[in-house]
Structure formats: structure tokens, C-alpha cells
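**Student:** Generate coordinates for the sequence data below:
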Amino acid sequence: MSEMNRHRIFFALWPDEPLRQQLKQSLTPLLANTKARRVPMHNWHITLAFLGNVTDAIYECAQLQAGDITGLEFELTLDQFGFWPRPRVVWLGCSSMPDPLNDLVSKLNSALQACDFSPEHKIYNPHLTLLRKANQGLDVSSVEPIHWHVDHFVLVESLQTKTGSVYKVIRRWPLSSTTA
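**Tutor:** This next block holds a predicted model:
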């Protein structure tokens, strides 16, 4: 590959198929009466670090750096909806962030600096984007908590198609079930 190739990439938590089906079953009735654009179920994820359009060199560097990251498995409870008026997004997130998730994001951001990546300087808010171009949040007082056992993280490439973005998992890295 030449240095001119670009890859639109991000690191993420990627739900397995049983969790996607559980999310679909729980969320479909809540999303049914909206005119906003639904994010396709096969694209559901929680971003850890968004690198954007990068060269082949940064693409390779990011994979090497991720391979050196150690972290613990954790339980993530998705239990609250949110709405950001700008960029008009409805999301599902967690009311309490597990320490191992915060640690993983911190290690990832730190390691990626070797690849000329500058992390965002805002509080990390793990969320799964459900709707785009929404005019308001969901009129839901509570959500049945969805429990997600996170045992790996992934590198994803965003590919542009005529019908929108398609996310392709490039690589997976396991998290440890015990402290070393």
C-alpha cells in the first residue's frame, strides 16, 4: 500500500451477535415511532478512540500500539438514554462507567500518541449511537438495563458506500480476566 492510501478508523467495543439481538429486541419498540435516521444494527458499537482518516503508516502504528495494551474484562450496564441537540444524536449509555473501561480508554489514548494521535480533551462518555438527525430525545422515563460482558476491543474501518457507512472490524484484542 502506498502512503497515499487513507483509512477512516476508530477503536471500539463491539457487541457480539447475541448482544446485538438483545439490544434490538429491547430497543426496536422504543425506536419505532421516530422520523430520525436509525443507525443500522450491524454498525452498533461504543467508540473508544476515533482516529479519523489516517495514512497507512498511522494505520499500522495504531495496530502495533494497541497490541501492547493490557486491560481487564468488565461488565458494562447500558441503562440510560441521552440526546445531543448538536449533532442531533440519540444514544444509549451507562450511568456508571466501570474503572477498567476508563483505564482502557486512557491507555489507548496514551499509546496512540506515538502515532501522532491527539486525543480529544473532553470527558469520555461511552455511548452507543441509535439515531441520527433526531429533533429530540426519546420520551422514555427508564430503560431496562442491558448487561454487556466486555472481553475485547477492536479496530474498525469505516467504509463509505452508496447506502452509507459500513463498519468493518479489522482486528480484535482480548482483555484479561485476571490481573497479572
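**Student:** low-confidence ranges in the protein?
**Tutor:** Scanning the chain with the threshold set as pLDDT under 70 gives 1-4, 179-180.
**Student:** Okay, helices next: where are they in it?
**Tutor:** Counting by DSSP state H, the segments of the chain that form helices are 17-31, 56-67, 99-112.
**Student:** can you tell me which of those comes nearest to Leu128?
**Tutor:** Leu128 lies closest, by Cβ to Cβ, to one member of the helices of the chain: helix 17-31, at 7.6 Å. In this view, the C-beta of every residue, glycine as well, is placed from N, C-alpha and C.
**Student:** counting contacts, what elements does that closest one pack onto?
**Tutor:** strand 127-132, strand 146-150 (3 or more Cβ pairs under 8 Å, 6 or more residues apart in numbering; DSSP states H and E).
**Student:** what number of residues lie near Pro15?
**Tutor:** Neighbour count for Pro15, taken as other Cβ atoms under 10 Å: 21.
**Student:** Sorry, wrong one. I was asking about Ala32.
**Tutor:** 8.
**Student:** Check the gap between it and Val140 for me.
**Tutor:** 12 Å (Cβ to Cβ, to the nearest Å).
**Student:** now Gln113
**Tutor:** In terms of Cβ to Cβ, Gln113 sits 39 Å off from Val140.
**Student:** Quick check: Lys24 touching Met41?
**Tutor:** Yes. With contacts counted by Cβ atoms under 8 Å, Lys24 reaches Met41, the gap being 5.5 Å.
**Student:** out of these two, which sits in the more crowded spot?
**Tutor:** More crowded of Lys24 and Met41, by other Cβ under 10 Å: Met41, with 15 against 12.
**Student:** And the more buried one, how close does it get to Ser96?
**Tutor:** The gap separating Met41 from Ser96 is 25 Å, by Cβ to Cβ.
**Student:** Also Ser177?
**Tutor:** 21 Å.
**Student:** And Arg37, by the same measure?
**Tutor:** Counting by Cβ to Cβ, the gap from Arg37 to Ser96 is 29 Å.
**Student:** Next: Tyr124.
**Tutor:** Counting by Cβ to Cβ - Tyr124 and Ser96 are separated by 13 Å.
**Student:** repeat for Phe117
**Tutor:** Distance, Phe117 to Ser96, by Cβ to Cβ: 28 Å.
**Student:** of those two, who's got more company?
**Tutor:** Counted by other Cβ under 10 Å, Phe117 and Ser96 do not tie: Phe117 has more neighbours, with 20 against 8.
**Student:** ok, the more buried one touching Gly52?
**Tutor:** No. Judged on Cβ under 8 Å, Phe117 makes no contact with Gly52 at a distance of 9.1 Å.
**Student:** Isn't Leu13 up against Ala49?
**Tutor:** No. Using Cβ under 8 Å, Leu13 makes no contact with Ala49, being 11.3 Å away.
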